[in-house]
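Q: this one's sequence-less:
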């Protein structure tokens, strides 16, 4: 961690609130014609041009959502943006603007905030979203980041959580469980480091799952792929808290049940190998691990042919009548295992730590 | 402060993240036809109906922006909404939706969050805005609130900070300095209480300034008053950091200077009396105190007749060429005193405390 006592570092108080925001955001450019007024007025002004406005917000707290002992600040900034853009993508909308608020203790020098904003800037460029507002303040301890993301979309393209019908197919993008296992490796190596700071962390060979944890991507690409396939999902959600929890959300809002086939859940080979190494069940990591930021959605069974061989998608189950409940169908035995919502939960998590 | 050890109180962990948000927001109703999808999906959906979208965000940290030793949680919730709506009003837009994020330590029971949300609910009802989203998480210490406010407005009605021209009149609503003096009284009585918990705080007679501090209002009423007077301000800002700081913002963005006449600055008689009691200069409290949440704006000199006797408005000065700088014209002597930006600043403030 960067500490203020180093003589080259700049204390936040050297800037003051307005100067600091100006300094941190002066290199941001604007990509979206919908951004009319940005940072510098009482509020930003967005021109939605006949589209609906989609808006979401997330708050991330040090020691709960991230540990600065092993999460680089630049990655933190990038990921904080991504988790919000993922929510916009889960509405089948195009993200266009973000607002970023930070509460930071004085132990963070300006250079630490510059690192966070470098990550935010990278995410803005990659996803073509504009930083249009925010607030930066001191806090008595730790770092809290709150990001609001805005998307614009034609009404007929929006997809909520409530449209799944019995027999609809349940589809997921990419693969699951990797982000959770990446976190386990980071925590293991951090514990080793704390016990013996001379030990080199053993990160080699874990690249894919470490990247899933430290630098996840929002599946903003899926919207266009589905459009090209002429598929509009009947419901959609992003996988932030684990497959089990997200499936239950779709169930709750759509008033259907789900069957998920264990053997269909997409797992990367490194996810499986790492789970074995850590004596974890990789399917449980997919169900309850979270932070994969893949998209989970339902489609009409009529759309199966369009999607069945597509490399980005895996059909993992289907919707049933609500009374039939939500179950995992076990590999081999076909035993039904109830899905439960023990997803990644900031409150439960903090209780543990 | 409510403490978790009391047997009647509910720990946050009893709910979990989703259950908690559901519990805290279940009694919120919706006032705006523009709110199409609210809490419960990945994002809220707003129908702007051909209007521009105005969006702002603020983050408030315990011990920096508020002290729970003397700020009731319900007032905190109310004020956190108000400060954001004030930014929307300062764009001459109508606030329509808010999103609320909280990071709270486990020392807060659910009942404490219910109090905060009761204040948020009161503000939503009073200002006819809808709570459409948010996030609640644990933090390792203290309370951090981040609120995003959205407004909708026809393009031609929006007022930025950048339209003031030389000779425009500088106008302020209400009166100034009261919120700062209310804070001084609260801090004085809190210090007395800490020194001797048996002492009753002496709050009587300070109602107006205590209310300005604890339960300020956003001047969302001004938009309609100006419309009825057929006045569109040439620039506008809200007074969150003190008259001096806000005037400099208008100066900076509009590329003009300002003259403010000391004798014209509107001060309530209780503000003057309390300042005298505390050996403070009431004009300095207005210039540098902040948190009044009045509106400061410029109008064409041609509009003077329309506004000059209106009880909500005081003409306090005028714009000059930028090269002439920003000065307070002292009462009596006409001495020019440079305006400077030592407004209410969260970083400077935290340095002091």
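A: That came in fine, so what should we check first? What you see is a predicted model; the values in this text were computed from it and never measured.

Q: which residues in chain A form strands?
A: With DSSP state E as the criterion, chain A has strands at A:35-37, A:44-46, A:52-61, A:94-104, A:130-138, A:143-153, A:169-173, A:235-238, A:256-261, A:295-299, A:313-321, A:326-329, A:336-338.

Q: do the second one and chain B meet at all?
A: Translated: strand A:44-46. Yes. Applying C-beta under 8 Å from any C-beta of the partner chain, one finds strand A:44-46 in contact with chain B at A:44, A:45, A:46. Glycine gets a C-beta too; all of them are placed from N, C-alpha and C.

Q: Dump those residues to a markdown table, plus pLDDT, distance to residue A:307 and neighbour count.
A: Shown next, in a markdown table, are those (pLDDT from 0 to 100; distance: C-beta to C-beta, whole Å; neighbours: other C-beta atoms under 10 Å in any protein chain shown):
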| residue | pLDDT | distance to residue A:307 | neighbour count |
| --- | --- | --- | --- |
| A:44 | 90 | 38 | 25 |
| A:45 | 91 | 39 | 22 |
| A:46 | 90 | 34 | 25 |
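
Q: pLDDT-wise, which helix or strand of chain A ranks last?
A: Across the helices and strands of chain A, the lowest-confidence element by mean pLDDT, DSSP states H and E is helix A:346-352, at a mean of 38.

Q: The most centrally placed residue in chain A: what's its closest spatial neighbour, skipping adjacent residues?
A: Computing the C-alpha centroid of chain A and ranking residues by C-alpha atoms, centre = their mean puts residue A:83 first, at 3.2 Å. Once flanking residues are discounted, residue A:83 sits nearest to residue A:58: 5.5 Å by C-beta to C-beta, 6 or more residues apart in numbering or on different chains.

Q: residues in contact with that neighbour?
A: If you count contacts by C-beta atoms under 8 Å, 6 or more residues apart in numbering or on different chains, residue A:58 has them with A:80, A:83, A:84, A:87, A:146, A:147, B:101, B:135.

Q: which one of those has the most neighbours?
A: Neighbours here mean other C-beta atoms under 10 Å in any protein chain shown. Within the contacts of residue A:58, the largest count is held by residue A:146, at 33 neighbours.

Q: so what's that residue scoring on pLDDT?
A: pLDDT, residue A:146: 95.

Q: again with residue A:342
A: We have a pLDDT of 63 for residue A:342.

Q: re earlier: ok, so of the residues of strand A:44-46 next to chain B, who is nearest chain B?
A: Closest approach between the residues of strand A:44-46 next to chain B and chain B, by C-beta to the nearest C-beta: residue A:46, at 4.2 Å.

Q: sorry, back to before: in TSV: the strands of chain A, plus distance to residue A:23.
A: Listed next are the strands of chain A as TSV, based on distance: least, C-beta to C-beta, whole Å:
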stretch	distance to residue A:23
strand A:35-37	20
strand A:44-46	19
strand A:52-61	22
strand A:94-104	13
strand A:130-138	10
strand A:143-153	18
strand A:169-173	38
strand A:235-238	33
strand A:256-261	49
strand A:295-299	36
strand A:313-321	44
strand A:326-329	50
strand A:336-338	53
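
Q: Ignoring the adjacent residues along the chain, who's closest to residue A:92?
A: Once flanking residues are discounted, residue A:92 sits nearest to residue A:159: 4.1 Å by C-beta to C-beta, 6+ apart.

Q: Quick check: the gap between the one you found and residue B:43.
A: Distance from residue A:159 to residue B:43, counting by C-beta to C-beta, to the nearest Å: 11 Å.

Q: Show me whatever sits in contact with both of the two.
A: By C-beta under 8 Å, 6+ apart, the residues touching both residue A:159 and residue B:43 are A:90, A:91.

Q: What's the local residue count around the closest residue to residue A:136 other than its chain neighbours?
A: In this structure, residue A:136 finds its nearest non-sequential neighbour in residue A:102, 4.9 Å apart by C-beta to C-beta, 6+ apart. If you count neighbours by other C-beta under 10 Å, residue A:102 ends up with 27.

Q: Who does residue A:102 form a beta bridge with?
A: According to DSSP bridges, the residues that bridge with residue A:102 are residue A:136, residue A:145.

Q: Look at residue A:159 and residue B:43 and report which has more neighbours.
A: A count of neighbours by other C-beta under 10 Å puts residue B:43 above the other of residue A:159 and residue B:43, at 27 against 24.

Q: Pull the contacting residues for the closest residue to that one other than its chain neighbours.
A: Spatially, and ignoring its direct neighbours in sequence, residue B:43 is nearest to residue A:56 (3.7 Å; C-beta to C-beta, 6+ apart). Shown in contact with residue A:56 (C-beta under 8 Å, 6+ apart): A:84, A:87, A:88, A:148, A:149, B:42, B:43, B:44, B:99, B:133.
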